[in-house]
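Asker: sequence and computational prediction follow.
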Number of protein chains: 2
Amino acid sequence: MLSKKTKYGLKALTFLAAQEGRQPVQISEIAKQENISRKFLESILLTLRKSGVLGSKKGKGGGYYLIKDPKDIPMTLVMRVLEGPIAMVPCVSLNFYEKCADCPDEASCSVHMLMLQVRDSALEVYKNNTLADLVP
Amino acid sequence: MLSKKTKYGLKALTFLAAQEGRQPVQISEIAKQENISRKFLESILLTLRKSGVLGSKKGKGGGYYLIKDPKDIPMTLVMRVLEGPIAMVPCVSLNFYEKCADCPDEASCSVHMLMLQVRDSALEVYKNNTLADLVP
DNA sequence: GCTTACTCTATTAAGTCGATAGGATAATAA
DNA sequence: TTATTATCCTATCGACTTAATAGAGTAAGC
């Protein structure tokens, strides 16, 4: 299941990408337009800022804005920041690899074999989409 | 993340598929070979039986066995039984469709758009693999 | 009738998720 | 300099899910 965090994050990013210029947009504005809990969205935008996708400005006229052009923001990045590993199992993860404790041999593991294919196919989708592609 | 239930279920099914003939195999035997908690595996095999993938036999010489040939068991079926919906969001699910409460229009929803592609790519993998393909 | 092994329900401990609260900090405007 | 605005950050909460365990019930074979 896709977490609400990721869902809301994607919606917020799309909303920002759809803006004219790069003027900061207030959290409340985004929350209202996209039907998202204001406080929850706050924490999501914060993690997006810390990961370098968003910039922010405090005080009057402040808010969040995209740092880069939407077409330069790949979905691989966004998904990893919001949802975490793209792989469904750590043992097939590129960025979050971990060996299975119970599995003696990865090469002959059926789960490993199948999940490798699933990871690759998902990765293919995320590689072929940038934030710009999500704007209607 | 793939649940342990699915992981264990896949391993157990692969183990059964790798057997000679269709002799029943005891839960304990599978649990031991695949490093799975016996009791937990018990409940997993039970759901696989109820979904028509496995058959069982009680008493001495009893156990679980595959009902069909491994190459006639598509991964789409196995994954849906063990893990549930293949889609990451209910609004793009084929077998478990549900409308998003917060989303006014699916057609113009960025999340919907992206997750549709992810679902299709995962589905493609599961369609192209049967249980027979998982046996090393 | 005794043993074996699946059947089924109930319980539990731990962890995660979504959401909320409230004060700290920084920037702008007057 | 002061008041206002809006992000920053930590802490907490209840609800839900997951993985695992316990134990009594049921059917099959010898």
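Answerer: Thanks, I have it.

Asker: give me the nearest residue to residue A:35, chain neighbours excluded.
Answerer: Nearest residue to residue A:35 in three dimensions, chain neighbours excluded: residue B:102, at 4.2 Å (CB to CB, 6 or more residues apart in numbering or on different chains). In this view, the C-beta of every residue, glycine as well, is placed from N, C-alpha and C.

Asker: now the one you found. Its backbone dihedrals?
Answerer: phi -90, psi -10 (degrees, to the nearest 10).

Asker: so it touches residue A:33, yeah?
Answerer: No. Contact criterion CB atoms under 8 Å: residue B:102 and residue A:33 do not qualify, at 11.3 Å.

Asker: pull the contacting residues for residue A:81.
Answerer: A:9, A:47, A:48, A:51, A:53 (CB atoms under 8 Å, 6 or more residues apart in numbering or on different chains).

Asker: meant to ask about residue A:14, not that
Answerer: A:131, A:134, A:135, B:110.

Asker: and of those residues, the nearest to DNA strand C?
Answerer: residue B:110 (17.3 Å; CB to the nearest atom of the strand).

Asker: was I right about the closest one contacting residue A:135?
Answerer: Yes. Under the criterion of CB under 8 Å, residue B:110 makes contact with residue A:135 at 7.1 Å.

Asker: who has more neighbours, the two?
Answerer: More neighbours surround residue B:110 than the other of residue B:110 and residue A:135, with 21 against 18 (other CB atoms under 10 Å in any protein chain shown).

Asker: which pLDDT value goes with the more buried one?
Answerer: Note for residue B:110: predicted pLDDT of 96.
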